[in-house]
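Participant: just the structure for this:
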Amino acid sequence: MMIQILLAEDDQIMREYLTRALQKSGYAVTAVDRGTAAIPLLQTERFDLLLTDIVMPEMDGIELAQRAGEMVPDLRVMFITGFAAVTLKAGQAMPNARVLSKPFHLRDLVMEVDRLFEADHAGGTI
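Facilitator: The predicted model follows:
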């Protein structure tokens, strides 16, 4: 079954760039431009990973991740940020989340996502 990623990123170019890279690597990606747009999707669809920018209008990525975690307890979270200060805040708020700092190479992002799920794939063969 294909891994479903919910991407919340307010920068359109970055959002398209990340979506394309993850899709090329075999992930299903649903992309939204703000945290508030992600909440209804979390209520109606199943996702394995929330990949979110931290600094966004309306609702930041940390609040989104906390709300998402209440709604989907086993949802994995990865933050993307260009700000060192919010990296620390994210780590305190969501200790199990990964944080990827901008700028990063797409292959680094894909490697991090692969790493999150490799335990699932490493098990038995079907």
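Participant: contacts only, for the residue nearest the centre of the chain.
Facilitator: Most central in the chain under C-alpha atoms, centre = their mean is residue 51, positioned 0.9 Å from the mean C-alpha point. By C-beta atoms under 8 Å, 6 or more residues apart in numbering, the residues touching residue 51 are 5, 6, 7, 8, 9, 18, 22, 78, 80, 113. Any C-beta I mention is one placed from the backbone N, CA and C, and that applies to glycine too.
Participant: for those, could you give me TSV that also reports distance to residue 97?
Facilitator: Converted to TSV, the contacts of residue 51 look like this (distance: C-beta to C-beta, whole Å):
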residue	distance to residue 97
5	14
6	14
7	15
8	13
9	16
18	17
22	17
78	6
80	11
113	13
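Participant: in a strand, the residue nearest to the centre of the chain, correct?
Facilitator: Yes: under DSSP: H, G, I helix; E, B strand; the rest coil, residue 51 falls within a strand.
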